[in-house]
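Q: I'd like to go over a predicted model; first the sequence, then the structure.
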Amino acid sequence: MTVDSKSILVCNCNKTMPLDAKALTRALQLKTPVVVHHELCRHQASMFEAGVKQGGDVLVACTQEARLFGELAEQIDPNAEVSFVNIREQAGWSVEADKATPKIAALLAAAALPEPEPVPSVSYKSAGQLLIIGPSSAALSWAEQLAEQMDVSVLLTEVKGANELPAQRRYPVFSGKVDAVKGYLGAFEVLWSQINPIDLETCTRCNACIEVCPEQAIDYSYQIDLDKCKAHRKCVAACGEIKAIDFERKETARSERYDLVLDLSDTPLISIHQPPQGYFAPGRDPLALARAVNQLAQMTGDFEKPKFFTYKESICAHSRSEITGCTKCIDICSTRAISPDGDHVKVEPHLCMGCGACASVCPSGAMGYAYPRVADLGARIKTLLQTYLNAGGEDPCLLLHNATDGRELIAKLGRRGKGLPANIIPLETFHIASLGMDLMLGAVALGASNLVVLSTGSEAADYLVSLRVQMGFAEEILQGLGYNESHFQLIEAREVAALEKAVWSIQPARPVKPATFNLSNEKRNTLDFAFEHLAKNAPVPRDEIPLSGGAPYGKIDVNKDTCTLCMACVGACPENALQDSKELPQLKFIERNCVQCGLCEKTCPEQAISLTPRLLLTNEARNPRILNEAEVFACIRCGKPFATKQMINNMLGKLGTHSMFSGGAALTRLQMCADCRVVDMMKNKDELTIFDVRR
C-alpha cells in the first residue's frame, strides 16, 4: 500500500514540533498536501472523524492517543483501518527537530506499508490445573486463596517446620523432592521423589500416628521428622490397613501433568532466561509474586501465539551419520526449545518465545525467523532509507530496538533529553537477537551508513555475545573491502543518560550507493546480493577477505598425499559443497555452498581435510573446482577402469605381508575388477580361501 492510498493525519502536538507541511508533501510525493494540525486529539478531533468517514485507511502520526482514536473510529466505522506512527519522541522532539523532515517522511512512508502476511500460530489449551511447589507455609497459604478459582494441587518440598494441613481436604497435597519440571502451558510434566514415609494422599489424617509416636516426630503436617524418629514403627501399626506409612517404600518416583506451575522455591526449578509460558517462579519478590498470581488467574482457556520460526532440515548442517557438525542454534536457544533429532534438530514451537537468535547464527539458513520475516523487515528498511535519502537526508543510521523496553527508552529520550539526532532512524523489531549478518550487510547495501542495535537489559547475555559475533563478521567483510569506518554498534543502555550519550557520539560511516535489490528470506541469497553490491562499489576491491574462526564462509583444503578419494566427505556434506565426479575419480568443491560446519573434516577417515574461513568474491566461489583427483587404475585382465591407482597401491602395501596373500595369485586378483576376480577364482579352485582356515 502506498502513502497516497492512506489518509495521513499529522499533528505538531500543540506546536511543540516544527513540522513543515510543504516539505513533507514533497518528500512523500503526495498528490494531496499534508495538513499540520495542532490539537488533533482535542479540539481538532473532528478532522480525524472526517478522515475515517471518507473511507479507506487512516494513518495517524501519534501513538500517545492511539486508544482514543481507536474508540472514535470504532464508533464511526467498525471496519475502519487505522494505524499509528510516533513522529514526536522519535523525530520531532529533538534538538535537531528542524533537520528531521527527511526522517519524519521516512517514518510516515514505512508506517504506510501494508502489514506483513500473518504467520502460522501455535495453540495452547489450559483447564487451569495448577501445581504449587514450595515450602508448606507459602504453598498452602496460596493454595487456600486460589482453590476457589483454579484446580489446585500442592507439592510440599520441606518437612521441618511444616504447617498444619487444612482441616478439609479441598485439594491434593503431595510431598517430596522435585526431580524435574518439563513442558509448557497446558502440558507440564512434574517428576518428584516421595521422600517421607507418609504418603499425604493416602493418609486419612486420623491422627493415630501422632498419638502413638513416642518421639513426637509427627505433627499435624502429617510428615515424619526423620531426625527425631527412632524407628519404633508404632506409627506403622497405628496406621493399620490404611498403609499410608511405609519406611521401606521402593516405588518413590512420582509424576503428574499440570497446566500451570507456581514455583515458590528460593531457586527456580527451571533456571533459564526465558522460562516456558505457564511457569512462574517469583522467588522472594512480593511484587513479582503478586504479578504471577494475577497472571495465573487469567491463564485458563485456549491461547495462541505466532510460530516464530521456519526450519528446512534438508540444508541443516547439524549432523550426518551420528557425527555432529553445527550446534549453533541449540547452543544459543535460551528456552531449550531446540534439541538434536538424529541428523537434524527439532524445535518445540510451544517453548519457542520468538527471540530469533537461532536464525541469526544459523550458517546455512536452515533456521529462519518468521516474526517478522527478513523480507518484511527488509522492505521497511528499504522504504525508510529511500524516502529519507530522496528527501535530502544524509548519513542515515538505523537504530533497531525491541517493542517493549527499547521503545519506551527511546520515548523517554525524546521527552526528557536531547532526543535522537536527525539522521538516526528508529526501527522496531520483535526481538533484537534475530538480527543477523544478512540484515546488517543488506541494510548497508541499501544505503545505511550505520546500523545500531539497542539493548536495554531485558535480553539474555548470550544474545548480546551472538550479536557482537555477527557484527564482527559483517565488519570484517566491510573493512576488507575498504569501508574503513565502523558501521555496526551494539548500545547497552538502561537509562536515558546512557542512551543519549551513545547515540550522540555515533560517527557516520561513508554510505554505499544504495542497491535496488530486496532482502530475501533465503539467507544466503540475500548475502550473495549484498556481497556483490558491496564489492562492486568497494573503495578497495578485493577477491578474497580473510574471516575469523566460526564464520559461515570459507574454503576446504585437502591433503592429496593422504586422501584416498573414498568420498566419505561428499556423503557427509549437507550443503552439496563437496561433490564427486560421475566420470572420473575427482573430489570437487563449490565454495559458495560451504558453511564451514566441519562435518567433512570430522568424517574424513584419513584426516586429510582442513577448513579455512574466508569470503571469496569471484566467480570461482560459484563454480566447482577440483580439490583432488587420482590416476585411474584399469583391471589387469580386461582393462576396465574400476578404482584409483592410489587405492590399489595402498591395498597391495597393507595386504602384501598377510598369509592369505602370500601365494601371489591373491595379490594379483586385487588388481582385477569384480567380474574378472570371480572368473579367476573359479579357474583356481585349488587355491586356499578364507573358508579353509581353521581356528
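A: Here it is on my side, so go on.

Q: When you work out contacts or count neighbours from here on, use the C-alpha atoms and nothing else.
A: OK.

Q: Name all residues that make contact with Thr101.
A: Leu19, Asp20, Ala23, Leu24, Ala391 (Cα atoms under 8 Å, 6 or more residues apart in numbering).

Q: Give me the PyMOL select line for these, limited to the buried ones.
A: Burial among the contacts of Thr101 is assessed by 16 or more other Cα atoms under 10 Å; the matching PyMOL selection reads:
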select buried, resi 19+23+24+391
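
Q: Could you export the contacts of Thr101 as JSON lines, including distance to Val60, secondary structure and pLDDT?
A: What follows is those, written out as JSON lines (distance: Cα to Cα, whole Å; DSSP: H, G, I helix; E, B strand; the rest coil; pLDDT from 0 to 100):
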{"residue": "Leu19", "distance to Val60": "15", "secondary structure": "coil", "pLDDT": "96"}
{"residue": "Asp20", "distance to Val60": "16", "secondary structure": "coil", "pLDDT": "95"}
{"residue": "Ala23", "distance to Val60": "18", "secondary structure": "helix", "pLDDT": "96"}
{"residue": "Leu24", "distance to Val60": "14", "secondary structure": "helix", "pLDDT": "96"}
{"residue": "Ala391", "distance to Val60": "21", "secondary structure": "coil", "pLDDT": "97"}
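
Q: chain center to the helix or strand where Glu500 lies: distance?
A: In this structure, Glu500 sits in helix 496-503 according to DSSP states H and E. The chain centroid and the centroid of helix 496-503 are separated by 28 Å under Cα atoms, centre = their mean, to the nearest Å.

Q: Also stretch 165-178?
A: Using Cα atoms, centre = their mean, the offset of stretch 165-178 from its chain centre is 39 Å.

Q: End to end on that stretch, go ahead and measure it.
A: End-to-end distance of stretch 165-178 (Cα to Cα, to the nearest Å): 20 Å.

Q: Give me the buried positions along it.
A: Across stretch 165-178, burial judged by 16+ other Cα under 10 Å covers Leu165, Val173, Phe174, Ser175, Gly176, Lys177, Val178.

Q: Those: which two are farthest apart?
A: Greatest spatial distance in the buried residues of stretch 165-178: Leu165 and Val178, 20.1 Å, computed using Cα to Cα.

Q: want to throw the contacts of Thr101 into JSON lines with distance to Gln145?
A: Shown next, in JSON lines, are the contacts of Thr101 (distance: Cα to Cα, whole Å):
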{"residue": "Leu19", "distance to Gln145": "55"}
{"residue": "Asp20", "distance to Gln145": "59"}
{"residue": "Ala23", "distance to Gln145": "61"}
{"residue": "Leu24", "distance to Gln145": "58"}
{"residue": "Ala391", "distance to Gln145": "61"}
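
Q: shaky segments in this structure?
A: Along the chain, segments meeting pLDDT under 70 span 1-2, 4-5, 161, 659-660, 662-664, 685-695.

Q: what's in contact with the longest helix belonging to it?
A: As assigned by DSSP state H, the longest helix anywhere in the chain is helix 461-480. Contacts with helix 461-480, where a contact means Cα under 8 Å, 6+ apart, come from 332, 357, 360-361, 433, 435-437, 440-441, 484-490, 534, 540, 542, 545-548, 551, 615.

Q: try 6 Å
A: If you take Cα atoms under 6 Å, 6 or more residues apart in numbering as the criterion, helix 461-480 is touched by Ala433, Met437, Ile545.

Q: And stretch 628-643, by the same measure?
A: Pro585, Gln586, Leu587, Thr644, Lys645, Gln671, Met672, Cys673.

Q: and the end-to-end length of that stretch?
A: 15 Å.

Q: tell me the SS of the closest residue in space to Ser364 that isn't next to it in sequence?
A: Nearest residue to Ser364, sequence neighbours excluded (Cα to Cα, 6 or more residues apart in numbering): Val595, at 6.1 Å. Counting by DSSP: H, G, I helix; E, B strand; the rest coil, the backbone at Val595 sits in coil.

Q: in stretch 363-373, what counts as buried?
A: Pro363, Ser364, Gly365, Ala366, Met367, Gly368, Tyr369, Ala370, Tyr371, Pro372, Arg373.

Q: Counting neighbours, what do you get for Asp285?
A: By other Cα atoms under 10 Å, the residues close to Asp285 number 9.

Q: gap between it and Ile545?
A: 52 Å.

Q: Could you do Ala370 as well?
A: 31 Å.

Q: So which residues of the stretch 1-150 of the chain form helices?
A: In the stretch 1-150 of the chain, the helices defined using DSSP state H, counting those that start in this stretch lie at 21-28, 45-53, 66-76, 101-111, 136-146.

Q: Okay, angle between the first one and helix 101-111 too, please.
A: Between helix 21-28 and helix 101-111, the angle comes out at 50 degrees (axes from the mean of the first three to the mean of the last three Cα atoms, to 10 degrees).

Q: Show me the contact partners of helix 21-28.
A: By Cα under 6 Å, 6+ apart, the surrounding residues in contact with helix 21-28 are Pro33, Val34, Ala105, Ala391.

Q: For the second one, which residues are in contact?
A: Taking Cα under 6 Å, 6+ apart as the criterion, Val34 is in contact with Ala21, Thr25.

Q: What strands line up against the strand or helix carrying Asp179, and which way round?
A: Per DSSP H and E, Asp179 falls inside strand 177-182. Partner strands and pairing direction for strand 177-182 (DSSP bridges) are strand 188-193 (antiparallel).

Q: ok, residues contacting the partner strand?
A: 176-183, 252-259.

Q: switch the cut-off to 10 Å
A: With contact meaning Cα atoms under 10 Å, 6 or more residues apart in numbering, strand 188-193 is reached by 129-131, 155, 157, 174-183, 251-261, 276, 278-279.

Q: That one: what's the following helix or strand?
A: In N-to-C order, the element after strand 188-193 by DSSP H and E is helix 208-212.

Q: for the helix or strand following that next one, the distance to its chain's centre please.
A: Elements were assigned by DSSP H and E; along the chain past helix 208-212, the next helix or strand is helix 234-239. Offset of helix 234-239 from its chain centre (Cα atoms, centre = their mean): 56 Å.
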